[in-house]
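Engineer: Sharing a sequence plus its predicted fold:
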Amino acid sequence: MSSLFRYSRWVSQFEKSPLILTFFSTATTESQPSRPLPPPIRVGLTEYVGRSVFATRRIGTGELIHTAKPIVAHPSFSSLHNVCYFCLKKLPDDKSHSEAYPTVVFCSEHCKDQSKNFYEVEKKADWSRFDEYCRMQGLKYPLLVKRFASQVISGVVSADSLDILQPATLTSEMVSLMEKEFCLLRSTFQETDVKGEQMAFLTKEWYTGVLARMRINAFRVELAGGSYEDLLSSAAASVEAEVAVGNAVYMLPSFYNHDCDPNAHILWVENADARIKALRDIETGEELRICYIDASMNHKARQTILYEGFGFLCNCPRCLSND
Ligand SMILES: C[S@@+](CC[C@H](N)C(=O)[O-])C[C@H]1O[C@@H](n2cnc3c(N)ncnc32)[C@H](O)[C@@H]1O
């Protein structure tokens, strides 16, 4: 069964009954963090832009709508030695290190424990050729696929767990450019004692299907820092953050469509756990949208980036009014 077919099947399930997705996420009243409430949102179909997220009650400006843990996250090359290899939290200076890869550091026993299964698989292999190729080509998503494949081999996630996400349309040229990184990924696992049947999912079709989803759904994780609790400070800090510490894919945040004048905002305070907050009052039934890009750019620049990076012509009210 092809990935495309599986994706279409999910879409037709949505058409029959809009699904309320609550997994990987919690909503809390910030004063009562110990009693998580279901998030005040549902995922449903829109007329023109596939699935989207809708408010199930009125949401106030600045409200934390929900949080989301990554399905898969990986530090960027430049952050490998100063963030936690699992949660991307900045390491204290005495834990940061300059030694060459493969040394990696976890920020806590909890993160080490969470990583135990996939890291046992990952560290069996010599990743130098794969990593060097990705570094030279400036590729970031193959690192996420490497981590996802290690998670699948270790049995903590299933190989089709990202199939529900919308895939990018890949040209045959894009697919052929992926050949080399795919072969390096597979041969690196093949050189270990991982059994053939544990790697049976690792086909070129699987690889391109996962990468097609990451191209559209992965977020650049930019940490705002632990001291920013108020919404405006967090938003400003996220824009000013020097560099992204890594990339991550989430389930629920992947259903938010884009708007150049959004009513919601995604931010990261101290690690790759995402927070979605309301930027203004949102009415029951209203669609929630975030901004995928720098909204301060002009209309033409925004349209170009959204088309080239995400493959769509933005239909938000701001773009439709040529602003
Ligand atoms: C991260 S997904 C959002 C969820 C998606 N609608 C779905 O059904 O899974 C991004 C994709 O949604 C569509 N999309 C999001 N925002 C849009 C917008 N403002 N205008 C047109 N299409 C949009 C595009 O197809 C884009 O590649």
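Structural biologist: Done, it's in.

Engineer: which residues are contacting stretch 192-205?
Structural biologist: Outside of stretch 192-205, the residues within contact range by C-beta atoms under 8 Å, 6 or more residues apart in numbering are 2-3, 121, 124-125, 149, 152-153, 159, 178-179, 182, 185-186, 189-190. No exception for glycine: its C-beta is placed from N, CA and C like everyone else's.

Engineer: Show me which of these are buried.
Structural biologist: S3, V121, A125, A149, V152, I153, A159, M178, F182, L185, R186, F189 (16 or more other C-beta atoms under 10 Å).

Engineer: Isn't the fifth one up against A159?
Structural biologist: It stands for V152. Yes. Counting by C-beta atoms under 8 Å, A159 is a contact partner of V152 at 4.8 Å.

Engineer: Specify the local secondary structure of G44.
Structural biologist: strand (DSSP: H, G, I helix; E, B strand; the rest coil).

Engineer: Number of residues surrounding it?
Structural biologist: Using other C-beta atoms under 10 Å, G44 has 17 neighbouring residues.

Engineer: Repeat that for the one 3 residues further on.
Structural biologist: Using other C-beta under 10 Å as the criterion, E47 is surrounded by 5 other residues.

Engineer: so which strand or helix has it?
Structural biologist: Following DSSP states H and E, one finds E47 outside all helices and strands.

Engineer: List the contacts of it.
Structural biologist: By C-beta under 8 Å, 6+ apart, no residues touch E47.

Engineer: ok, so what distance separates it from N315?
Structural biologist: Distance, E47 to N315, using C-beta to C-beta, to the nearest Å: 10 Å.

Engineer: Please apply the same query to V156.
Structural biologist: The gap separating V156 from N315 is 38 Å, by C-beta to C-beta.

Engineer: Which one of the two is surrounded by more residues?
Structural biologist: V156 (15 against 12).

Engineer: my guess is that one is in a strand, correct?
Structural biologist: No. Per three-state DSSP, V156 lies outside any strand segment and is coil.

Engineer: re earlier: and which of the contacts of stretch 192-205 is nearest I293?
Structural biologist: M178 (24.2 Å; C-beta to C-beta).

Engineer: what pLDDT does the closest one get?
Structural biologist: Per-residue confidence (pLDDT) for M178: 97.

Engineer: For the stretch 1-150 of the chain, list the residues in contact with the ligand, please.
Structural biologist: Contacts of the stretch 1-150 of the chain with the ligand, taken as C-beta under 6 Å from any ligand atom, map to V49, G50, R51, S52.

Engineer: same thing but at 5 Å, please
Structural biologist: Residues of the stretch 1-150 of the chain found near the ligand (C-beta under 5 Å from any ligand atom) are V49, G50, R51.

Engineer: which ones are touching the first one?
Structural biologist: In this case it means V49. Counted by C-beta under 8 Å, 6+ apart, V49 has contacts N257, F312, N315.

Engineer: Distance of N82 relative to A224?
Structural biologist: In this view, N82 and A224 are 17 Å apart by C-beta to C-beta.

Engineer: sorry, that was for G60
Structural biologist: G60 sits 21 Å away from A224, going by C-beta to C-beta.

Engineer: Next: F77.
Structural biologist: For F77, the distance to A224 equals 22 Å [C-beta to C-beta].

Engineer: Looking at the two, which is more packed in?
Structural biologist: Taking other C-beta under 10 Å, F77 and A224 do not tie; A224 has more neighbours (21 against 16).

Engineer: For the more buried one, give its distance to G62.
Structural biologist: Distance from A224 to G62, counting by C-beta to C-beta: 15 Å.

Engineer: Over to L252?
Structural biologist: 20 Å.

Engineer: ditto for T208
Structural biologist: Going from T208 to G62 by C-beta to C-beta gives 41 Å.

Engineer: Can you tell me, leaving aside adjacent residues, what's nearest to the residue in the stretch 101-250 of the chain that the ligand sits nearest to?
Structural biologist: Among the residues of the stretch 101-250 of the chain, Q166 lies closest to the ligand, at 3.6 Å counting by C-beta to the nearest ligand atom. Excluding the flanking residues, the one nearest Q166 by C-beta to C-beta, 6 or more residues apart in numbering is I216, at 5.7 Å.

Engineer: quick one: which two of the buried ones among the contacts of stretch 192-205 are the most distant?
Structural biologist: For the buried ones among the contacts of stretch 192-205, the maximum inter-member distance is 25.2 Å, found between S3 and A125 (C-beta to C-beta).

Engineer: How many residues are close by S254?
Structural biologist: S254: 22 surrounding residues under other C-beta under 10 Å.

Engineer: And for Y119?
Structural biologist: Neighbours of Y119 under the rule other C-beta under 10 Å: 19.
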